[in-house]
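K.L.:
let's see this in three dimensions:
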Amino acid sequence: MDDQPLIEGFADALWMERGLSQNTLAAYQADLRDLARWLQKTRGRGLLAAERADLLDYLATLAGQGYRARSSARRLSCLRQFYQYLYRRGMISVDPTARIAAPKLGRQLPDTLTESEVEALLQAPDVTEAEGQRDRTMLEVLYATGLRVSELVNLRPEQVSLTQGVVRVIGKGGRERLVPLGEEALRWLAAYLRFPRQEILAGRLSDFLFPTRRCDRMTRQAFWLLIKRYALQAGIVKPLSPHTLRHAFATHLLNHGADLRVVQLLLGHSDLSTTQIYTHVARERLKSLHAQHHPRG
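P.N.:
Numbers count the residues shown, from 1 in each chain. Purely as a prediction, here's the structure:
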């Protein structure tokens, strides 16, 4: 039996019910296709016929391949949602994930940068070139606002108000929020819009604030490669993620006394518990500074 229609139906239901992004839906579909291939190869059956023992063996296989507890927990969450969807629609009589416990997770702290490292990263692009001006502006906006990389590359000129000093962001689930830009990001944006953007477009039009030379939207992957390149130029050797500047934005705000709920609104988190991880990061930073500088640290 071809399981692809089941997977696509599940993704469509998630999109309609929860408004998940295309990236999240694509990841869920990839996870389910991987399970479908494993079931067919090792059990000779499809997703509808999977039993609890099959799924436990599958998760054990992933662990044997080096999957960490967090990755396994994310995969199990996808499977749980899928089989609950099938159960609600009467397509299966028993949910095979019902009695599978999620692996216990330690508290994972987000990768972040010090303020001096952020400054070095921001200064890495060559701003004598139009594309360097664009890249510097993108980094400044990212650090000033805490946007997700996907939100940044999808920005359109009409979402930015230089007079009001804010950017209107369409976040996860289509939720909209207004985020202040700050003086430095505003200064770079104004300079970028005066000339470098027009030079990149070369008389053509683009719907996006930060286009490529082909007038297309820059992809998340392309911008992530830029961040890694500029980090290397800046001498930053610690592990980075696409959200590194978003994490730095939140952590530095809290280090300087910002209210947690304000940071929650700026980041676009629907749940305060998601933002609370940054209070732990800030506390760890304070403890480190105390140990480094206090005579009895």
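
K.L.:
pLDDT below threshold where in the stretch 1-150 of the chain?
P.N.:
Applying pLDDT under 70 to the stretch 1-150 of the chain flags the ranges 1, 103-111.

K.L.:
tell me where the protein has helices.
P.N.:
4-18, 22-42, 52-64, 69-88, 115-122, 130-145, 149-153, 183-194, 196-201, 220-233, 244-255, 260-267, 272-275, 277-293 (DSSP state H).

K.L.:
between those, which gets nearest to Thr163?
P.N.:
Across the helices of the chain, Thr163 has its closest neighbour in helix 183-194 (9.9 Å, C-beta to C-beta). For the C-beta atoms, the positions are set from N, CA and C on the backbone; glycine is no exception.

K.L.:
okay, now the domains of the protein?
P.N.:
Residue ranges for each domain of the chain read 4-88, 115-293, as given by automatic domain parsing.

K.L.:
adding distance to Thr97 and mean neighbour count, write the ones you listed out as TSV.
P.N.:
Shown next, in TSV, are the domains of the chain (distance: least, C-beta to C-beta, whole Å; neighbours: other C-beta atoms under 10 Å):
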stretch	distance to Thr97	mean neighbour count
domain 4-88	4	15
domain 115-293	23	16
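
K.L.:
gap between Arg220 and Gly171?
P.N.:
Note on Arg220: its distance to Gly171, by C-beta to C-beta, to the nearest Å, is 15 Å.

K.L.:
no no, Arg197
P.N.:
Arg197 is 24 Å from Gly171, where distance means C-beta to C-beta.

K.L.:
repeat for Arg229
P.N.:
Distance, Arg229 to Gly171, by C-beta to C-beta: 27 Å.

K.L.:
next: Ile200.
P.N.:
Remark: distance between Ile200 and Gly171 (C-beta to C-beta) = 26 Å.
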